[in-house]
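**Student:** Sequence and predicted model, in that order:
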Amino acid sequence: MATTRIMPLHTGKGRSVARVLRDVKDYMENPLKTEGGELISSFECAPETADAEFLLSKSRYLALTGRNQGKRDVLAYHIRQSFKPGEITPEAANAIGYELAMRFTKGRHAFIVCTHTDKAHIHNHVVWNSTALDCERKFRNFIGSAFALRRCSDILCAEHGLSIIENPKPSPGRDYARHMFPVGRPPSHQDELRIAIDAALGKRPASFGDFLSLMQAAGYRWLYILGKLPKPRPPRHPILWEEVRKLRRFSEQIRLLCRYKIDTSEQLQAFSDSTKSRMDDLIRQRTKVQNKLRRAKDPEIIVALKAEKTALTEHIAPLRKNLKLAAGIAENTARMKEKMALVRQLELQEKQKTKIKTKKKEYTR
């Protein structure tokens, strides 16, 4: 049994074509999700350079046809195919994903298939180039494409002896209550205000004045959304907010240097290497736990493995943050050295100009 979803990929706000293709490729080919890169297959492109090959084909398409849709252009199509837990092996899932992409595109578009095993359910990520192999046409999404994709996936599952969903229904989305009040998160002021308004309306006030009286009795004397509250503090200007973020980042970097007594670039590099080594070890341990969790059937073992995975994640998070801070410090240090060298060079040039002027004056006398 497999569920499917098709998603067109656009450039989006602030992202170039190359950036979009590189980001989706890097996510799909994550070695922690694909058993070290073993669960990757492709058609008419190399997995290592798929983003560059897709980009080259689009340049050829533009040169041949002269057609350019700008930001509306679809760069590629992304399929997510998820299988029932315990029903299929990762290798078989990758083979089915490859066949699905081949049938759906009729072999006219380059594609890459990556099978992820980091979740309890094995799932495929398939991305195919919207530009055809001949660089003269493009794949166009059509009405009912999601239905056609699901039918194609069901046929493949039946051919491989897997179950299929007899009466599929569209996803109902998240439950409203769970969406508004996620489990484990304390209610915000807006949540409390929403609850108070619902409670007041549930008492069926006869007039707007009665409604305000009920809100006052609940402790809400003023409501800015009804013109009765002073407006909230306006957000900071983006330029100012950027400076605040820089200041916070510098403060964290200084605290890191002080906490670990780092005084030289060599000490910083040694700290980064040791931190990365510890983080990689923990990530490998978490991957092993995740693989055990995927195969576990006993509820008690599942609970214990989930707790172990959570503990490992909690240890990985600060290491990853420290590694990022150290990288920022190294980058700032290198930038500062370049600027200091430039300043020395400019000062030397000024001294040379002053000497030349002095010699000219002496010669004139």
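**Tutor:** In hand now; what should we look at? Numbering: from 1, shown residues only.

**Student:** what's the weakest-modelled helix or strand in this protein?
**Tutor:** When the helices and strands of the chain are compared on mean pLDDT, DSSP states H and E, helix 176-180 comes out lowest with a mean of 48.

**Student:** separation between Met7 and Ile88?
**Tutor:** Here Met7 is placed at a distance of 22 Å from Ile88 (C-beta to C-beta, to the nearest Å). Yep, even glycine has a C-beta here, placed from its N, CA and C like the rest.

**Student:** more neighbours, the two?
**Tutor:** Higher neighbour count among Met7 and Ile88: Ile88, with 22 against 13, using other C-beta atoms under 10 Å.

**Student:** quick one: the more buried one and Ile122 touch, right?
**Tutor:** Yes - distance between Ile88 and Ile122: 6.1 Å, which falls inside the contact criterion (C-beta atoms under 8 Å).

**Student:** mind checking how far stretch 196-205 is from the chain centre?
**Tutor:** Once both centres are worked out by C-alpha atoms, centre = their mean, to the nearest Å, stretch 196-205 turns out to sit 41 Å from its chain's centre.

**Student:** Could you pull up the mean pLDDT of that stretch?
**Tutor:** Average pLDDT, stretch 196-205: 83.

**Student:** That one: which residues count as buried?
**Tutor:** 196-197, 200 (16 or more other C-beta atoms under 10 Å).

**Student:** same deal with stretch 49-57?
**Tutor:** When burial is assessed from 16+ other C-beta under 10 Å, stretch 49-57 yields the following buried residues: 50-51, 53-55, 57.

**Student:** what's the spacing between Val127 and Lys25?
**Tutor:** Val127 sits 8 Å away from Lys25, taking C-beta to C-beta as the criterion.

**Student:** Have a look at the two and say which one is more surrounded.
**Tutor:** More crowded of Val127 and Lys25, by other C-beta under 10 Å: Val127, with 27 against 20.

**Student:** The more buried one - that's part of a strand, no?
**Tutor:** Yes - the assignment for Val127 by DSSP: H, G, I helix; E, B strand; the rest coil puts it in a strand.

**Student:** in the sheet, who's paired with it?
**Tutor:** For Val127, the beta-bridge partners under DSSP bridges are His78, Ile112.

**Student:** How is this structure divided into domains?
**Tutor:** For the chain, the structural domains run 2-159, 187-234, 243-338, going by automatic domain parsing.

**Student:** now the end-to-end length of the longest one.
**Tutor:** I take that to be domain 2-159. 13 Å (C-alpha to C-alpha, to the nearest Å).

**Student:** Noted, bye for now.
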